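Novice: Next input, structure requested:
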Amino acid sequence: LAMYQKALDIQWKVLGPYHVDTAASCNTMAVILQTQGKLEEALVMYQKALDIYLKVLGPCHVDTADSYYNMAIALQNQGKLEEALAMYQQAL
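Specialist: Model prediction:
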């Protein structure tokens, strides 16, 4: 996890906060955090990835849809079913 964080920090500095590679790294961090059971932290990283994808790619891009889907899963795992449903609907 520490190495992924270091890579993300470098991308943030070199590529900037609004780059698709930065968003992809945020998503990867979120997956790792979710796998470790750190659901709140994962949700924060998924949200960062989604924010970047929305700004850079817009709401109708497949990466944005994937990001909505990932957030929905994280919310569902936390028992936040109404919020998860809203994210699943956005993913469609």
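Novice: Please count neighbours and contacts with C-alpha atoms only from this point.
Specialist: Noted.
Novice: Please point out which parts of stretch 28-45 sit buried.
Specialist: 28-31, 33-34, 39, 42-43, 45 (16 or more other Cα atoms under 10 Å).
Novice: Can you give me the end-to-end span of it?
Specialist: In terms of Cα to Cα, to the nearest Å, the two terminal residues of stretch 28-45 are separated by 9 Å.
Novice: Give me the buried positions along stretch 48-64.
Specialist: Neighbour-count burial for stretch 48-64 [16+ other Cα under 10 Å]: 48-54, 57, 59, 63-64.
Novice: What lies in contact with it?
Specialist: The set of residues external to stretch 48-64 that reach it, using Cα atoms under 8 Å, 6 or more residues apart in numbering, is 17-20, 22-27, 65, 67-68, 91.
Novice: quick one: that stretch to chain centroid distance?
Specialist: Remark: stretch 48-64 is offset 10 Å from the chain centroid, using Cα atoms, centre = their mean, to the nearest Å.
Novice: where do the helices sit along the protein?
Specialist: Secondary structure of the chain (DSSP state H): helices at 2-14, 20-35, 39-57, 62-77, 81-91.
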